[in-house]
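# Have a look; sequence and predicted model below, questions after that.
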Amino acid sequence: MVSQEQRRRQLAREKFLRQQQRRTQARRKTRTRNAVIASVLGVVLVGSLALYTTGTLKGDDDKSNAGAEVTPSAEPTSKAPDPCDKPAKGDVESMSWKKEPAISIDKSAKYTMKLATTCGDIDIDLKASAAPHTVNSFNFLAGKGYFDHTTCHRLTTNGIYVLQCGDPTGSGTGGPGYTIPDENLKDESLKDNVYPAGTVAMANTGQKDSGGSQFFLVYQDSQLPPNYTPFGTVSESGMAVLKKIADAGENTGAGDGAPNATVVINEATVSES
């Protein structure tokens with residue numbers, strides 16, 4: 001027969017065991033939750049590091065495309081209203097050439113490029129004397145209608161602040177079939193590895209002299225190594241268009257994706273003035 005004291009001790013021991021079990025279960029749940037959180041943050045941080053090491057503004061023939069810095073804590077946001085108009089009727093024409101076109105521009109003349117986009121006109125003063133191969137290529141491609149009806153496929157809103165265009169495939173891997181040399185990498189506007197707002201520069205694959213047709217427009221000062229040919233400057237009215245596009249954000253919520261705005265180059269023209 002169990003005495004009252006023995007029964008009391010048995011009940012106390014059972015209570016202690018139940019408390020220990022609950023504490024063990026609570027610790028297990030906490031460890032599982034923390035592991036999940038650490039895993040998610042680790043993926044984001046590793047992704048961010050990979051984007052740093054693979055190059056920031058890659059373009060033609062680079063199937064990994066490029067990435068800008070991302071914020072580890074960034075969460076997808078609701079899509080902003082599209083501030084731009086519907087694209088003009090027409091389709092992108094598939095064009096390719098085996099070699100860079102011969103230089104036909106007057107290096108001493110002034111050239112401008114107009115991007116008539118669904119979001120407004122973006123006028124660009126081109127640097128023909130400092131980047132003759134690049135300006136000549138754009139004069140050639142625009143004259144062929146190469147950029148017409150193409151989308152600006154990439155917007156970065158964190159770390160670097162650019163709109164990237166010039167890929168007829170819209171995938172970040174397209175190009176004209178030829179490459180052009182790097183130029184003007186010591187432009188006086190590039191100070192302390194900063195591409196100032198208003199700069200228009202070439203994207204590339206991360207290799208020397210690998211520019212093709214993809215280019216980016218800087219809408220806010222951006223920290224970048226001087227590896228991307230600066231060949232133009234956006235007008236004041238064009239900067240207002242870029243701001244409208246940037247304010248609409250990009251579709252990942254992480255700072256690097258397709259613009260929420262429908263940015264299509266209805267027509268690109270280069271003119272000598």
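Looks like it came in fine.
# Could you give the number of residues near residue 191?
10 (other Cβ atoms under 10 Å). In short, each C-beta sits where N, CA and C put it, glycine included.
# do you know how far it is from residue 172?
28 Å (Cβ to Cβ, to the nearest Å).
# Now residue 146: which helix or strand?
For residue 146, there is no enclosing helix or strand under DSSP states H and E.
# Who are the contact partners of it?
By Cβ atoms under 8 Å, 6 or more residues apart in numbering, the contact list for residue 146 reads 93, 95, 168, 176, 213, 268.
# so the second one sits in a helix?
No: when the secondary structure is assigned by DSSP: H, G, I helix; E, B strand; the rest coil, residue 95 falls in coil instead of a helix.
# Would you check that residue 220 makes contact with residue 161?
Yes: counting by Cβ atoms under 8 Å, residue 220 does reach residue 161; the two are 3.7 Å apart.
# Pull up the overlap in contacts between these two.
Counting by Cβ under 8 Å, 6+ apart, the residues touching both residue 220 and residue 161 are 197, 246.
# Please say which of these two ends up with more neighbours.
residue 161 (22 against 17).
# returning to what we had before: can you tell me which of the contacts of residue 146 is closest to residue 198?
residue 268 (18.1 Å; Cβ to Cβ).
# Helix or strand with the lowest mean pLDDT in this protein?
helix 4-54 (a mean of 52; mean pLDDT, DSSP states H and E).
# For the helix or strand just after that one, buried residues please.
Counting by DSSP H and E, the next helix or strand C-terminal to helix 4-54 is strand 111-117. Using 16 or more other Cβ atoms under 10 Å as the test for burial, strand 111-117 gives 111, 113-117.
# Same question for stretch 239-257.
Per 16+ other Cβ under 10 Å, stretch 239-257 contains these buried residues: 239, 241-242, 244-246, 248-251, 253-257.
# How far does it stretch from one end to the other?
20 Å (Cα to Cα, to the nearest Å).
# same thing with stretch 140-155?
26 Å.
# Also stretch 250-262?
With Cα to Cα, one end of stretch 250-262 sits 11 Å from the other.
# What of stretch 258-273?
34 Å.
# Next, the buried residues of that stretch.
Within stretch 258-273, judged by 16+ other Cβ under 10 Å, the buried ones are 258-268, 270.
# and what of stretch 200-210?
200-206, 210.
# And the average pLDDT for it is what?
Mean pLDDT, computed over stretch 200-210, is 97.
# Could you list every helix and strand that the longest strand anywhere in the chain packs against?
The longest strand of the chain (DSSP state E) is strand 264-272. When contacts are defined as 3 or more Cβ pairs under 8 Å, 6 or more residues apart in numbering; DSSP states H and E, strand 264-272 packs onto strand 111-117, helix 132-143, strand 150-151.
# possible to save the ones you listed as TSV with mean pLDDT and distance to residue 103?
Listed next are these as TSV, based on pLDDT from 0 to 100; distance: least, Cβ to Cβ, whole Å:
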stretch	mean pLDDT	distance to residue 103
strand 111-117	98	13
helix 132-143	98	5
strand 150-151	98	24
